[in-house]
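S.K.: one predicted model, sequence on top.
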Amino acid sequence: MKFQTAIFALALSVLANKETFVSAGATEPSTEADSESGEGGLRKGNHDSRSRRRLQTEPCLLMLKKTLMEDRSEIEEVDCYDPSTEQFVHISGSSQLLKEFHDGVITSGTSTLMQKGAYFDDDEGSLIFPDLANVQYGDDPEARRKLAVTTGTKEMLAVRVIASDASTTSSESAISDAWFGTSGDAVNFKSQYEACSYNKLQIDPANTNDVSNGVTTVTISNTVSGTDNGVIRNAVTAELGNLASQFDHVMLCLPPGTSGGWIAYAYVNSWLSVYNNQWCDYVSGQMHEIGHNLNLAHSGETATYDDQSGMMGYSYSSDDGPEMCFNAPKNWQLGWYTDRQETVSEWVEWRPYRYCRLR
Ligand SMILES: [Zn+2]
């Protein structure tokens, strides 16, 4: 049924183009609106004016962060994954870097950055480069090897959070059911990705000493109310230790009350996604954010999310729907139907076209 939806999206594209061509520039052109979000990094509350600073001692991994807001806008920011602390840190003054992402100069999850004199401001939760206009980027070959693998088995962990003033609303078992269908939820993240991929991607809920059915609970001492979600995110990941080496995807279900009207966000071509409380339970939001982890951009013609023929459009606040896969360009990029694709070297109006033949 879900696969049929994908076929339907393909068929629509076919109809729109008369010939059997379905997508122009199917190698995932960026469709994001160029929204400069300014300084949206971590903001702790009251703190001493003398900042705690430490120099950057090793390259950090550049990460494009895409946040879905309640008003349907998108915020793009740049964070850097600091291997020395295993934390995602906001880069101060990063609009220049956003342009580099859009121009293809750097790639989220593989490009690295280090500059003499760069320092972490641990009070502000940010990383400050002395001269962002003149930086030299590096590349992490190990990260590149893992670039957006879209087939095989993915081990996943969802995290419930107990803070001093609030807790994630859903129980561990409810979160597990929403992501993995462990208590009979028929339409869940696992069921949808496996159906959409025709089982080329398998979802495996983590099971270890501390984790059962893919979910664990972390207790932190922070106050959630009015706090930037990045502060809570880093407090949670600090409790859990090195997540990147243990799991393919980690989903943080934060308690309600953090500042700002955000729904969820993910790092592109990475392993972490973060959800504002009950958005962790909604299948369209789950699929959308993990899609970003798998290197998918948004779907849209005139606005960022206006293509709702696939899960990279706007997300729906529904636990069980809609039952939908990804649109044609995303399906091409994900490579799940390679046995049904053919490429022709033909130019139409100076644009390269690719088409899929459905069998
Ligand atoms: Zn998004």
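M.R.: That came through fine.
S.K.: CA atoms for contacts and neighbours, from now on please.
M.R.: OK.
S.K.: what's opposite L68 in the beta bridge?
M.R.: Assessed by DSSP bridges, L68 has beta-bridge partners E74, A264.
S.K.: pretty sure it sits against E77.
M.R.: No - L68 lies out of contact with E77 (CA atoms under 8 Å); the separation is 11.7 Å.
S.K.: contact partners for the spatially most central residue of the chain?
M.R.: In the chain, the residue lying closest to the centroid (CA atoms, centre = their mean) is A266, at 2.6 Å. By CA atoms under 8 Å, 6 or more residues apart in numbering, the contact set of A266 is K65, K66, T67, L272, S273, V274, E289, I290, H292, N293.
S.K.: show me the residues you listed that map onto strands.
M.R.: Counted as lying in strands by DSSP state E, out of the contacts of A266, are K65, K66, T67, L272, S273, V274.
S.K.: tell me what the fourth one is bridged to.
M.R.: Here L272 shows beta-bridge partners V250, assigned using DSSP bridges.
S.K.: now the one 4 residues further on
M.R.: With DSSP bridges applied, the residues forming beta bridges to N276 are L254.
S.K.: that one: neighbour count?
M.R.: The tally of other residues near N276 (other CA atoms under 10 Å) stands at 21.
S.K.: ranges for the strands of the stretch 151-300 of the chain?
M.R.: Applying DSSP state E, counting those that start in this stretch to the stretch 151-300 of the chain gives strands spanning 152-162, 201-205, 215-219, 249-254, 262-267, 272-276.
S.K.: closest to I232 out of the ones you listed?
M.R.: strand 249-254 (7.7 Å; CA to CA).
S.K.: buried subset of the ones in strands among the contacts of A266?
M.R.: K65, K66, T67, L272, S273, V274 (16 or more other CA atoms under 10 Å).
S.K.: the fourth one touches N293, doesn't it?
M.R.: Yes - contact status for L272 versus N293: in contact at 7.2 Å, counting by CA under 8 Å.
S.K.: ok, now how distant is T85 from S245?
M.R.: Going from T85 to S245 by CA to CA, to the nearest Å gives 14 Å.
S.K.: contact partners for M287?
M.R.: M287 neighbours (CA under 8 Å, 6+ apart): F189, Y193, M311.
S.K.: from those residues, which is closest to N207?
M.R.: Nearest to N207 among the contacts of M287, with distances taken as CA to CA, is F189, at 17.1 Å.
S.K.: to what extent is the residue lying closest to that closest one once chain neighbours are set aside buried, counted in neighbours?
M.R.: Nearest residue to F189 in three dimensions, chain neighbours excluded: W179, at 4.8 Å (CA to CA, 6 or more residues apart in numbering). Applying other CA under 10 Å, we find 32 residues neighbouring W179.
S.K.: likewise the one 10 residues further on?
M.R.: The burial count assigned to F189 is 27, neighbours taken as other CA under 10 Å.
S.K.: helices and strands around the helix or strand harbouring R54, which ones?
M.R.: Using DSSP states H and E, the element containing R54 is strand 53-55. Judged by 3 or more CA pairs under 8 Å, 6 or more residues apart in numbering; DSSP states H and E, the packing partners of strand 53-55 are strand 119-121.
S.K.: buried stuff in the strand it packs on?
M.R.: Buried residues in strand 119-121, counted by 16+ other CA under 10 Å: Y119, F120, D121.
S.K.: for stretch 130-137, same thing?
M.R.: Quick answer for stretch 130-137 (16+ other CA under 10 Å): L132.
S.K.: with just CA atoms, put that stretch into PDB.
M.R.: Presented in PDB, the C-alpha positions along stretch 130-137 are these (Å, rounded to 0.1, in the frame of the first residue of the first chain):
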ATOM      1  CA  PRO A 130      38.400  34.100  14.300                       C
ATOM      2  CA  ASP A 131      37.900  34.500  10.500                       C
ATOM      3  CA  LEU A 132      35.100  32.500   9.000                       C
ATOM      4  CA  ALA A 133      35.500  34.200   5.600                       C
ATOM      5  CA  ASN A 134      38.900  32.600   5.200                       C
ATOM      6  CA  VAL A 135      38.600  29.100   6.400                       C
ATOM      7  CA  GLN A 136      40.000  25.900   4.800                       C
ATOM      8  CA  TYR A 137      37.800  22.900   4.900                       C
END
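S.K.: residues in contact with that stretch?
M.R.: Residues outside stretch 130-137 that contact it (CA under 8 Å, 6+ apart) are S94, Q96, I106, S111, T112, L113, M114, Q115, K116, G117, A118.
S.K.: please look at the last one and L127 and confirm they touch.
M.R.: Yes - distance between A118 and L127: 7.2 Å, which falls inside the contact criterion (CA under 8 Å).
S.K.: distance from stretch 200-213 to the middle of the chain?
M.R.: Relative to its parent chain, stretch 200-213 has a centroid offset of 19 Å by CA atoms, centre = their mean, to the nearest Å.
S.K.: what residues does that stretch touch?
M.R.: Contacts for stretch 200-213 (CA under 8 Å, 6+ apart): 150-157, 176, 180, 182, 190, 193-194, 214-216, 247, 336.
S.K.: now do the same end-to-end measure for it.
M.R.: 21 Å.
S.K.: so who does L296 touch?
M.R.: Counted by CA under 8 Å, 6+ apart, L296 has contacts E28, V268, M312, K330, Q333.
S.K.: which element, helix or strand, includes the third one?
M.R.: Okay, so that is M312. Here M312, judged by DSSP H and E, is contained in no helix and no strand.
S.K.: do I have it right that it meets F326?
M.R.: Yes - counting by CA under 8 Å, M312 touches F326, with 6.8 Å between them.
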